[in-house]
Every structure is written in structure tokens, then in C-alpha cells.
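Asks: okay, here's the prediction I keep looking at, along with the sequence it came from:
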Amino acid sequence: QVRLVESGGGSVQSGGSLRLSCKTSGYVHSTYCMYWFRQAPGKERERVALIEGDDITTYADPVKGRFTISKDNAKNTLYLEMSSLKPEDTAMYYCAAEYGASCVAPGYWGQGTQVTVSS
């Protein structure tokens, strides 16, 4: 059974940094597409970053140059390093996983971790 558990959220001031972690179990990292999504109150869920099985990464335009997605296969953990945080980054952040190489739509989700950035 695939299980994803996020941690590392919190409250920071604008310009600050946070590192989110997503501990995974039940599968092998290298065979999955791994994602970070976020959803702010009253807004649509937004894909923030993607790391494919061969470690190719893609980012949403609003976070390019500020966020970095990575994974440690030995620790079964996905990370999202966030720097130069802005109030508009405030949201619930979710990690997600999709088995295979198509990287179209994740089928597994964590419960989320809240990030709040104050100005």
C-alpha cells in the first residue's frame, strides 16, 4: 500500500525558507513520478513541481528559481526546498505520486502540510 506523509510546513516571514519532506512507503521511488502540489483557500490546486523517475524536474512559473524538488531514494523521501518565500506561497502543500513514466496525473496523495508566509 502506497503511503505519503508530509512534514516541514510552518509559518515564516516573507523572504524566508522552508524545507518540506514527504516520507513514502509501499513502493520504489525510481519507478514513480513524484509531485508537489499546493492549494490556497478559494483557489484551484496548483502543481508546483515534478520529478520524474530519471530525475528530470519541472516547475511552475511562479516558483522557478526559488523552489527545488529532489528525492533521496535510499530514504524513500521527497523534498521541496523553498526559498525567497512570498505571501502568495501561502497554501496547503501536498506531495503526490504516480506509478510509471507518463507523469500525467498522480493517483496517490499525502494529507498535506500548511505553509504560511507573512509579509
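Replies: Noted; the coordinates are in hand.
Asks: so what does the spatially closest residue to residue 88 that is not a sequence neighbour look like in phi/psi?
Replies: Among residues not flanking residue 88 along the chain, residue 62 sits closest, at 7.4 Å (Cβ to Cβ, 6 or more residues apart in numbering). Backbone N, C-alpha and C define where each C-beta goes, glycine included. Note on residue 62: backbone dihedrals following degrees, to the nearest 10 are phi -60, psi -20.
Asks: who touches the residue sitting furthest away from the middle of the chain in this structure?
Replies: No residue in the chain sits farther from the centre than residue 119, which is 22.5 Å out by Cα atoms, centre = their mean. Residue 119 makes contact with 13, 14, 87, according to Cβ atoms under 8 Å, 6 or more residues apart in numbering.
Asks: which pLDDT value belongs to the closest residue in space to residue 71 that isn't next to it in sequence?
Replies: Spatially, and ignoring its direct neighbours in sequence, residue 71 is nearest to residue 78 (4.8 Å; Cβ to Cβ, 6+ apart). Residue 78 carries a pLDDT score of 95 in this model.
Asks: and residue 78, how many neighbours?
Replies: Neighbour count of residue 78, defined by other Cβ atoms under 10 Å: 28.
Asks: ok, now residue 2?
Replies: Residue 2: 13 surrounding residues under other Cβ under 10 Å.
Asks: identify the residue spatially nearest to residue 114, adjacent ones excluded.
Replies: residue 9 (4.7 Å).
Asks: next, the one you found: phi, psi?
Replies: Torsion angles, degrees, to the nearest 10, at residue 9: phi -70, psi 170.
Asks: list the contacts for it?
Replies: Neighbours of residue 9 in contact, by Cβ under 8 Å, 6+ apart: 18, 20, 93, 113, 114, 115.
Asks: repeat that for residue 26.
Replies: Residue 26 neighbours (Cβ under 8 Å, 6+ apart): 1, 2, 3.
Asks: circling back to that earlier point, which of the contacts of residue 9 count as buried?
Replies: 18, 20, 93, 113, 115 (16 or more other Cβ atoms under 10 Å).
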